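>>> Structure for the following, please:
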Amino acid sequence: MIIEESKTCKICFDVETKEKQLIHPCNCQGSMKYIHAVCLKLWLGDRDIVLNPPSCEICKHTYKINFVYEYFFSKQKFCTIFKNFLLVFTAWGIVLTILIIIVLVTINSVGILSEESRDIAKFTMIGIGSGILFMVLLSYFRDCKKNFYEQTLIDWDVLEYDKRI
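This is a model prediction of the structure:
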């Protein structure tokens with residue numbers, strides 16, 4: 001005859017209710033298997049769970065945690081990145097313009113090329129320079145959420161234990 005284990009919280013020894021759901025967040029078995037999500041959050045308290053994920057004190061299993069963040073636009077971050085972008089974009093623009101002028105003057109001074117070949121070379125140089133400036137532009141604005149927003153942790157939950165991991 002198999003005795004059915006009672007589902008009680010290993011912290012407060014209370015049963016599951018609608019308000020206080022029992023979860024199985026670690027590798028513990030038997031009477032130590034279940035814990036109220038609320039009790040676990042209280043037990044873990046104000047630890048720095050983002051940098052140091054907590055673990056079960058009994059089985060030593062590191063809890064899997066789901067973090068919920070809220071993002072706020074940061075004017076200070078935006079201004080700093082935009083100033084750096086303007087500086088780098090201007091520097092690249094000046095360097096590329098000088099290089100394009102040098103190449104175009106060299107191409108025009110060589111009498112071997114036809115007028116059509118010179119035009120193709122001019123447009124190619126301008127296109128390459130524009131492409132490089134466009135890549136600089138993209139590199140600064142590719143991850144707007146990370147670069148322009150402040151991340152604030154608003155909530156977290158310990159996930160159920162997954163035996164497959």
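
>>> the domain parsing of the protein - what is it?
1-63, 73-149 (automatic domain parsing).

>>> Nearest to D155, out of those domains?
Minimum separation from D155 across the domains of the chain (Cβ to Cβ) falls at domain 1-63, 9.6 Å. From N, CA and C alone the C-beta is placed, and that goes for glycine too.

>>> What mean pLDDT does that closest one get?
Regarding domain 1-63, the rounded mean pLDDT is 83.

>>> Pull the number of nearby residues for T97.
A count of neighbours around T97, defined by other Cβ atoms under 10 Å, yields 13.

>>> top helix in the protein by residue count?
helix 75-109 (DSSP state H).

>>> what are the phi and psi values for P25?
Per-residue torsions, P25: phi -90, psi -10 (degrees, to the nearest 10).

>>> swap in E150?
Dihedral angles (degrees, to the nearest 10) for E150: phi -90, psi 140.

>>> how many neighbours does it have?
Around E150 there are 12 residues (other Cβ under 10 Å).

>>> got the contact list for it?
Y71, F72, F73, S74, K77 (Cβ atoms under 8 Å, 6 or more residues apart in numbering).

>>> Would you mind giving those as a markdown table with pLDDT and neighbour count added?
What follows is the contacts of E150, written out as a markdown table (pLDDT from 0 to 100; neighbours: other Cβ atoms under 10 Å):
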| residue | pLDDT | neighbour count |
| --- | --- | --- |
| Y71 | 84 | 12 |
| F72 | 86 | 9 |
| F73 | 86 | 11 |
| S74 | 85 | 15 |
| K77 | 84 | 14 |
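
>>> still on that earlier bit, summarise which helices and strands the longest helix of the chain is packed against.
helix 115-141, helix 144-148 (3 or more Cβ pairs under 8 Å, 6 or more residues apart in numbering; DSSP states H and E).

>>> Perfect, that will be all.
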